[in-house]
Structure formats: C-alpha cells, structure tokens
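Trainee: attaching a predicted model along with its sequence, questions to come.
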Amino acid sequence: MPDGLVPILVIVGPSGRATTAWFLRDIGGGTWDWHVNYSGVDWMMQEALVYLVRR
Amino acid sequence: MPARLEWRYALGGEHDMLAGRWIAEASSAPFAPGQIDSVHAAMLRRLSAMGVVHPTPQRSYCLLLPRVHHTENGRAVLHIAGAQLPRWPTGFDAQAWPSWTGRCVGTVRGRETVPITCEVSQDVPRKEQSKWYDKLRQPRPPARAARSDRDPVNVWLVWSPQRRDSTAVVVHGDPSGSSLVITPAQFGSDAGAPRPSPYTGRSDVPDRFVAFLLGGVGTRPRAPLTLCFHSCARRYVLEPRIHTLEPHFRFGVASLRDVSRTPRGRLQLRVLSTPCPMAWCRSS
C-alpha cells in the first residue's frame, strides 16, 4: 500500500445505493482485514468497492 | 517496462489470500518507423475525437510526438502532455486549463490502423489545489452559528444544483474513526431556509474531517456539491473533478467463498498489498 493510504470498503446494494464506508483494519505485513455482522442483511446481493484514502 | 501480473491464490483456515506480484519481462524490440507513425496518427485522431486538440485552419499546434513504448504483445504506450486545454471536460460546464497530461495505449498488429484509447486529465494549478485543500481541512463554524431546537446541530445535507446529480453520494467523516458516512445528494440549493433532514449523527465538529465523492457509484456529478452542517453554518464545497475518488478494485460479495461467512454471523475478508517495484508506482 502506498505510504499514508488506507483502504476503505464501500458496500453497494442491488439498487446501486451505497450505504456506509468502512476503514479496513491494518493487521500488519501489508494486510488489511474487515469483519462485519451480516445477519439480517443479504450480503450476497451486494457489491464491494475498495478505495484508497489518505488518513 | 514490460511486465505482467502473476497471481497466487492460497487457501487458508479462515482466510484465503490472493496475492499479485509484478514480474518484469525482457524489453521488447522497438517498433518499426512505419508502425510508430501509425501509432502517432491514431493518437492524434483519438485526441481530436476527444476534443483535446481542435484542428482548425485558424489554429496551429506545435506538437512534440511522444516516444512510443513497446511493452508486450504489440502493446504501445505513450505518455502525452500539452499546453492549453481550452474546453475540458467536454460539456456545458467545460473550462479552460493551462496544461494537461495523458496516457494512450494502443495495439500494433501489423495493420495500418491502430486501435488506441487515451486518458486525459487537466492539470489543476497548484494554487487552486491548495485552495480546495484549505476548504476541506480548515473550515470551522462561525462563532455565532445558529443553533436551536428548530435548527438542530446534528443535521447535515448534501445539496446538488442539478437534478440529474441527485443520485450522487458524498462520503464524509472523521478519518481517525472506523467508518465514514455516505449521504446522497438532494436537488436544491443551500440558499434560503434550512430544511429537515433524515441524516443525523455526531453534533460536534471533528478535529479531523474528510469529504469526497465516490466514482463508480451512482451518478457522476457535473456541478459542485455542497455538504452543509448546522444549516450551512459549516459547509464544504466538493468539486467533482478534484474531489472524486475512483475505486481501486471491486468485487461481488457472492464471489467470496463460503468460509468468508463465519458461523457467528460475520462476514470477513482480507486484502493483501505488496509493494509495486515499478518506478511509476513510487512516483504516482
């Protein structure tokens, strides 16, 4: 990841509407992860986009 | 420099990993002079069609034809730049810019006509960049910002002056937090009386604040959007050509393996990034 940039994850629903942007968590070694509760949400219908932002 | 991406997919106990690594390849032989001429001709035709250059009898250009890089499989890459971009981006809200840069990629297959695509962007003057940076980083509400029960402080709105941009979204919030808020734009103006809004949240002014537009989601706005807090006592103007972030990559959640969904009802994924060895990665 270029210095100073942090990935954020944007979830887009079937209607094409984005709801929330989450910062991925830096767990070291150039690796970032993301956990979220999915109960009650049909995640399979979602599309995810990753953007890089300067924090 | 010719290169290819080599992907490795590794299965894990809880997490899979997809790692991409750039592999440098031997330099390709340069194109023949006739092929270079064809690439240059295709590039000029493309730039003319895009409205970057305007060939007219009244206007003359001094063109320095860029070097044609032969990467792999007949792929030709040109880095281009120019002075004066009189109307960009094309459309009713086009503006004049003092200079521009771009990149064209074509494919030479031994034919005279070379299929080519070009990406061009205006060079925003440094003075204007700092102006937008200051607007986004430094605003504070005026000392006498109106606050009352009828004018709740924890309300925000995104105004768009164009009806067609009302599906655009603005991402904003404190970058030191764990998430940012996404607010769709509303057609209208921030002038006049404030309207109620369904978007509520933190009422205080964060120490650090960031706001930007999302490329790849909803309508790409053409006109600046205004993010208003406190009935526009604190406001941020987002200029699409400057404040739009493009997605780095996208994927369907359904394409993740079942193991991404834990029995505890959580969805988990992991992104691994490796340093890019190319010089242009470090400079961009």
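Mentor: In hand now; what should we look at? Residues are numbered from 1 along each chain as shown, chains lettered A, B, ... in the order given.

Trainee: quick check: buried residues in stretch A:8-21?
Mentor: A:Ile8, A:Leu9, A:Val10, A:Ile11, A:Val12, A:Ala18, A:Ala21 (16 or more other Cβ atoms under 10 Å in any protein chain shown). All C-beta atoms are positioned from the backbone trio N, CA, C, and that covers glycine.

Trainee: what's the average pLDDT for stretch B:38-55?
Mentor: The average pLDDT within stretch B:38-55 is 89.

Trainee: and it, what's buried?
Mentor: Here stretch B:38-55 shows B:Ser38, B:Val39, B:His40, B:Ala42, B:Met43, B:Leu44, B:Arg46, B:Leu47, B:Met50, B:Gly51, B:Val52, B:Val53 as buried, counting by 16+ other Cβ under 10 Å.

Trainee: out of the buried residues of stretch A:8-21, which touch chain B?
Mentor: A:Ile8, A:Val10, A:Ile11, A:Val12, A:Ala18, A:Ala21 (Cβ under 8 Å from any Cβ of the partner chain).

Trainee: among the buried residues of stretch A:8-21, which are located in helices?
Mentor: Per DSSP state H, helices hold no members of the buried residues of stretch A:8-21.

Trainee: show me where chain A dips below the pLDDT cut-off.
Mentor: Low-confidence segments of chain A (pLDDT under 70): A:1-4, A:37-45, A:55.

Trainee: grab the nearest non-local neighbour of the spatially most central residue of it.
Mentor: Centroid-nearest residue in chain A, with Cα atoms, centre = their mean: A:Leu9, separated by 1.8 Å. Using Cβ to Cβ, 6 or more residues apart in numbering or on different chains and skipping residues adjacent in sequence, the residue nearest A:Leu9 is A:Trp22, 4.9 Å away.

Trainee: give me the pLDDT value at B:Asp93.
Mentor: B:Asp93 is given a pLDDT of 59.

Trainee: actually B:Asn73, sorry about that
Mentor: 82.

Trainee: do you have the strands of the stretch 51-200 of chain B handy? List them.
Mentor: B:69-70, B:75-88, B:95-107, B:116-122, B:156-160, B:169-173, B:179-184, B:186-187 (DSSP state E, counting those that start in this stretch).

Trainee: of those, which is nearest chain A?
Mentor: strand B:179-184 (4.3 Å; Cβ to the nearest Cβ).

Trainee: name the residues of the stretch 51-200 of chain B found near chain A, please.
Mentor: B:Thr167, B:Val169, B:Val171, B:Pro175, B:Ser176, B:Gly177, B:Ser178, B:Ser179, B:Leu180, B:Val181, B:Ile182, B:Pro184.

Trainee: and those, which are buried?
Mentor: In those, the ones that pass as buried (16+ other Cβ under 10 Å) are B:Val169, B:Val171, B:Pro175, B:Leu180, B:Val181, B:Ile182, B:Pro184.

Trainee: sorry, back to before: for B:Cys232, which of the strands of the stretch 51-200 of chain B is the nearest?
Mentor: strand B:156-160 (8.1 Å; Cβ to Cβ).

Trainee: so that closest one versus strand B:179-184, what angle?
Mentor: If you take axes from the mean of the first three to the mean of the last three Cα atoms, to 10 degrees, strand B:156-160 sits at 50 degrees to strand B:179-184.

Trainee: who does strand B:156-160 touch, helix- and strand-wise?
Mentor: Here strand B:156-160 touches strand B:169-173, strand B:179-184, strand B:186-187, strand B:225-229, going by 3 or more Cβ pairs under 8 Å, 6 or more residues apart in numbering or on different chains; DSSP states H and E.

Trainee: 7 Å - rerun?
Mentor: strand B:179-184, strand B:186-187, strand B:225-229 (3 or more Cβ pairs under 7 Å, 6 or more residues apart in numbering or on different chains; DSSP states H and E).

Trainee: distance from the chain centre to the shortest one, please.
Mentor: By that I understand strand B:186-187. 22 Å (Cα atoms, centre = their mean, to the nearest Å).

Trainee: now do it, average pLDDT.
Mentor: 79.

Trainee: what does it contact?
Mentor: B:Leu157, B:Val158, B:Trp159, B:Ser160, B:Arg163, B:Ser166 (Cβ atoms under 7 Å, 6 or more residues apart in numbering or on different chains).

Trainee: mind listing what that strand pairs with, with the direction of each?
Mentor: Sheet pairing here is set by DSSP bridges, and for strand B:186-187 it gives strand B:156-160 (parallel).

Trainee: which outside residues touch stretch B:164-171?
Mentor: So stretch B:164-171 is contacted by A:18, A:21, B:158, B:160, B:180, B:182-187, B:211-214, B:217-219, B:221-223, B:225, B:227, B:238 (Cβ under 7 Å, 6+ apart).
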